[in-house]
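Novice: Okay, here's the prediction I keep looking at, along with the sequence it came from:
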Amino acid sequence: MIPVVSVDGKELPVLIHGISPFMGAGQFGSRAEEYHRRFYSNPGLISQFFIYFSSKCYPCIHIAPYPPIIEAVELTAEVRSINVIATVEDESEIELIINFDPIIVFLHASVTDQLDIEKIRSFAESCHDLGIIPGIATHKPGYVLPKIDEIELVRAYMVPINPIGLYMEPSYDTALLAIENSKNSGKYIFGIKTLAAGRINPYKGFPFAFKYSDSIIVGFTELDQIDEACRIVKKIFEFSR
């Protein structure tokens, strides 16, 4: 298994299986449609990736309340126990994933980046009341994080981190400064887009991301990518001891 990090007393791995390719996310460009067609209507295939990752790396996956993902998690849970973190677009969606006992629930970046502070605070309170660690995702870390740092209940941030600054708004430098400040203030950082949707190889992307992140969330489209990712992560942490 790969190393773990303690997040408010709960263990999570330094690498978590993501779902962006399974959703056919737009950042994958010409490959997005192919990924959507291959995975989104095939929860059994998604579950195979979750199970493989759980056996090779660590049983922890990132989910969202979309029917194929929910079904894939249910199929996976029939085979082995797993830990879950989740992203939702509204606090009302928490009930859709609560049965999986999520350790962290992040508010989706499309909502967070509107900076409705009262809405974010209400979301965090709802998570806290359920015994869930509240988090937020953002596409604009340089602008958003300084404003969210003041909300003590929000403990975890999901942010883009990669060495070419792709998706790190409003700029590479302001994003990294905000991320560093938030981490130093006691927030937990979960890196996403660490490979810039395949534009960077993990030998370059992962070491950079771990300079700023407690954990990273990565989606996979081939099982051998999971093997490679686990090898790289283990080496990074062996050398850092």
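Specialist: That came in fine, so what should we check first?

Novice: bridging residues for the most centrally placed residue in the chain?
Specialist: What sits nearest the mean C-alpha location of the chain, by C-alpha atoms, centre = their mean, is Ile217, with 4.1 Å. On the basis of DSSP bridges, Ile217 is bridged to Ile16.

Novice: and Gly165, how many residues sit next to it?
Specialist: The tally of other residues near Gly165 (other C-beta atoms under 10 Å) stands at 15. (C-beta placed from N, C-alpha, C; glycine too.)

Novice: That one - nearest residue in space that isn't next to it in sequence?
Specialist: With sequence-adjacent residues excluded and distances taken as C-beta to C-beta, 6 or more residues apart in numbering, Gly165 is closest to Tyr172, at 3.1 Å.

Novice: gap between the one you found and Ile2?
Specialist: Computed as C-beta to C-beta, to the nearest Å, the Tyr172 to Ile2 distance reads 28 Å.

Novice: Same check on His62?
Specialist: Taking C-beta to C-beta, one finds His62 at 15 Å from Ile2.

Novice: hmm, back to that, does the residue nearest to Gly165 really touch Pro163, like I thought?
Specialist: No: counting by C-beta atoms under 8 Å, Tyr172 stays clear of Pro163, with 9.0 Å between them.

Novice: Would you map the strands across the chain?
Specialist: 4-7, 10-13, 15-17, 60-63, 83-88, 104-107, 133-137, 156-160, 188-192, 215-218 (DSSP state E).

Novice: Now those in a markdown table, please, with extra columns for mean pLDDT and distance to Glu238.
Specialist: Shown next, in a markdown table, are the strands of the chain (pLDDT from 0 to 100; distance: least, C-beta to C-beta, whole Å):
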| stretch | mean pLDDT | distance to Glu238 |
| --- | --- | --- |
| strand 4-7 | 96 | 15 |
| strand 10-13 | 96 | 15 |
| strand 15-17 | 97 | 14 |
| strand 60-63 | 97 | 20 |
| strand 83-88 | 97 | 23 |
| strand 104-107 | 98 | 26 |
| strand 133-137 | 98 | 28 |
| strand 156-160 | 98 | 26 |
| strand 188-192 | 98 | 20 |
| strand 215-218 | 97 | 17 |
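
Novice: Make CSV from those and add distance to Glu228 to it.
Specialist: As requested, the strands of the chain are exported to CSV (distance: least, C-beta to C-beta, whole Å):
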stretch, distance to Glu228
strand 4-7, 20
strand 10-13, 16
strand 15-17, 11
strand 60-63, 18
strand 83-88, 22
strand 104-107, 26
strand 133-137, 26
strand 156-160, 21
strand 188-192, 18
strand 215-218, 11
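
Novice: Contacts only, for Leu153.
Specialist: Neighbouring residues of Leu153 by C-beta atoms under 8 Å, 6 or more residues apart in numbering: 121, 124-125, 127-128, 134.
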